[in-house]
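S.K.: sequence unknown, structure follows:
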DNA sequence: GCCATGTTTGTAAACGTTAACTAACATAAG
DNA sequence: CTTATGTTAGTTAACGTTTACAAACATGGC
């Protein structure tokens, strides 16, 4: 083994989380092992423990990374001043791209965290989901204030449906990516779901039915 | 070591699947071990292999059992001749009760199967999801024929939203059952979602807005 | 500039535990 | 007697983690 490479703490921790992400993406949480991480990073197992206290910390760092990258990915859609339904549609689009790019790890991580025993891991996963739902809920609530969304819509319920749409699309896509393209399924669900957010007789600000994805 | 109980193949296999279900329900797929099953059944590990070829077979039997029990649980809703939206609402209600009764194992099993490497396990999980979606999709398609559901609805997309509603409700519920009651979240989502299935101007057979759950 | 000292980052090898699974032998039932 | 259902006692392999030691790096006193 030729030249021994020495890298600093921060870089190594980043490499560890990246390796953890890759391992989970291609084999579920079972495939996440210290051995596997060490192998991907290119150091021995013991070296991993120089930069991380335990396997649990790896998982916590991974959840944190997923949270940051996900919210960064969809941030472009949230901060605009556009119509609430346009923002949601854009957000869905960005979220789908993110999932495809990261091979679904976000939902795998959430699913695993939900059935973990460790309280820290559970609550980290829970906070991620709740933060996402709050974001969507907030957009819808704003939409109602601006008469862009029907007053009869409960923002929380709508946010959960929105989240569920992505979840069901990802589930199918994980089983068979080729026959269940993420984007197409998401778009067709959105076209249907938005009708339940739109006005239903009442006056409202317009949201064209024919713009949007595709 | 009192009376040595000897039971037949079929009974033991049933006990094994039941034990597997309990283990997963209270600790995720990590908690599913041959040791754990043996302990719950009340025999030694080696005895388990008299009735099952491998751990993989346990998982396959479990998926099969989940499929059978789930479809049996919701069958009352599907075979009726009532309004399509009533059938869906009833189905949602029964599905929620089933998930609560079985502590969410159906969705845990699906989530795990989706990231398994073993092709048999993957396709068993995939078939379960597809079968469920087909069932919902079929009900909606029938509803369209009978003018109970808007013609503009795509049955496949609607079925995925329906499935996603339950999935998101279960996800939250798994994280914190007390603050996110499954039934209540499901009902509030349904109330919103059904508006996108109903007529929107066109003639249609009536579906009262005020009957249903609660 | 050089070198003694302390810290960081690495390795090799092993630890104890647990996993799935198996072979050899025992015994109840038909 | 034969077969199906058990047990006891083991195997092999993988896991997370730790220990003892080495090499790279930083730095303050001379």
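M.R.: Cool, got the structure. From a predicted model like this one, the values you see are computed outputs, not experimental measurements.
S.K.: need the residues of chain A near DNA strand D, please.
M.R.: Counting by Cβ under 7 Å from any atom of the strand, chain A comes close to DNA strand D at A:4, A:6, A:32-36, A:45-46, A:48-49, A:54-56. C-beta: built from backbone N, CA, C; applies to glycine.
S.K.: if you set the cut-off to 6 Å instead, what comes out?
M.R.: Counting by Cβ under 6 Å from any atom of the strand, chain A comes close to DNA strand D at A:4, A:6, A:33-35, A:45-46, A:49, A:54-55.
S.K.: Name the nearest of the residues you listed relative to residue B:93.
M.R.: Distance to residue B:93, by Cβ to Cβ, is smallest for residue A:55 among these, at 40.7 Å.
S.K.: and that closest one, what pLDDT?
M.R.: You'll see residue A:55 listed with a pLDDT of 98.
S.K.: contacting residues around the nearest residue to it once chain neighbours are set aside?
M.R.: Of all residues beyond its chain neighbours, the one nearest residue A:55 is residue A:34 (6.1 Å), with distances taken as Cβ to Cβ, 6 or more residues apart in numbering or on different chains. The contact partners of residue A:34, by Cβ atoms under 8 Å, 6 or more residues apart in numbering or on different chains, come to A:45, A:48-49, A:55, A:58.
S.K.: Residue A:127: which of those is nearest?
M.R.: The shortest approach to residue A:127 among the contacts of residue A:34 belongs to residue A:58, at 17.9 Å (Cβ to Cβ).
S.K.: list the contacts for residue A:74?
M.R.: Residues in contact with residue A:74 (Cβ under 8 Å, 6+ apart) are A:91, A:94-95, A:98, A:135.
S.K.: Any regions of chain A where pLDDT drops low?
M.R.: Filtered on pLDDT under 70, chain A yields the residue ranges A:1-4, A:200-214.
S.K.: Can you pull the domain assignment for it?
M.R.: As recorded under automatic domain parsing, the domains making up chain A are A:7-52, A:59-197.
S.K.: Give me whichever of the ones you listed is most buried.
M.R.: Greatest average neighbour count among these goes to domain A:59-197 (a mean of 19), per mean count of other Cβ atoms under 10 Å in any protein chain shown.
S.K.: what's the distance between that one and the middle of its chain?
M.R.: Distance of domain A:59-197 from the chain centroid (Cα atoms, centre = their mean, to the nearest Å) equals 6 Å.
S.K.: Same check on stretch A:45-55?
M.R.: Chain-centre distance of stretch A:45-55: 27 Å, with Cα atoms, centre = their mean.
S.K.: re the thing from before, from residue A:21, how far out is the residue nearest to residue A:55?
M.R.: Per Cβ to Cβ, to the nearest Å, residue A:34 is found 15 Å from residue A:21.
S.K.: Also residue A:140?
M.R.: According to Cβ to Cβ, residue A:140 and residue A:21 sit 31 Å apart.
S.K.: how long is stretch A:23-43 end to end?
M.R.: This stretch, stretch A:23-43, spans 16 Å end to end (Cα to Cα, to the nearest Å).
S.K.: how about it, does it reach DNA strand C?
M.R.: Yes - applying Cβ under 6 Å from any atom of the strand, one finds that stretch A:23-43 is in contact with DNA strand C at residue A:43.
S.K.: Just put the contacts of residue A:34 in CSV and tack on secondary structure.
M.R.: Shown next, in CSV, are the contacts of residue A:34 (DSSP: H, G, I helix; E, B strand; the rest coil):
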residue, secondary structure
A:45, helix
A:48, helix
A:49, helix
A:55, helix
A:58, helix
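S.K.: which among those gets closest to residue A:78?
M.R.: The closest of the contacts of residue A:34, once distances to residue A:78 are taken by Cβ to Cβ, is residue A:58, at 29.2 Å.
S.K.: In space, what's closest to residue A:154 - neighbours in sequence excluded?
M.R.: Closest to residue A:154 by Cβ to Cβ, 6+ apart is residue B:188, at 5.8 Å.
S.K.: List the contacts of the one you found.
M.R.: Neighbour list for residue B:188: A:154, A:156-157 [criterion: Cβ under 8 Å, 6+ apart].
S.K.: element containing the closest residue to residue A:182 other than its chain neighbours?
M.R.: Using Cβ to Cβ, 6+ apart and skipping residues adjacent in sequence, the residue nearest residue A:182 is residue A:173, 4.6 Å away. Using DSSP states H and E, the element containing residue A:173 is helix A:155-175.
S.K.: for residue A:143, same thing?
M.R.: Assigned by DSSP H and E, residue A:143 falls within helix A:119-145.
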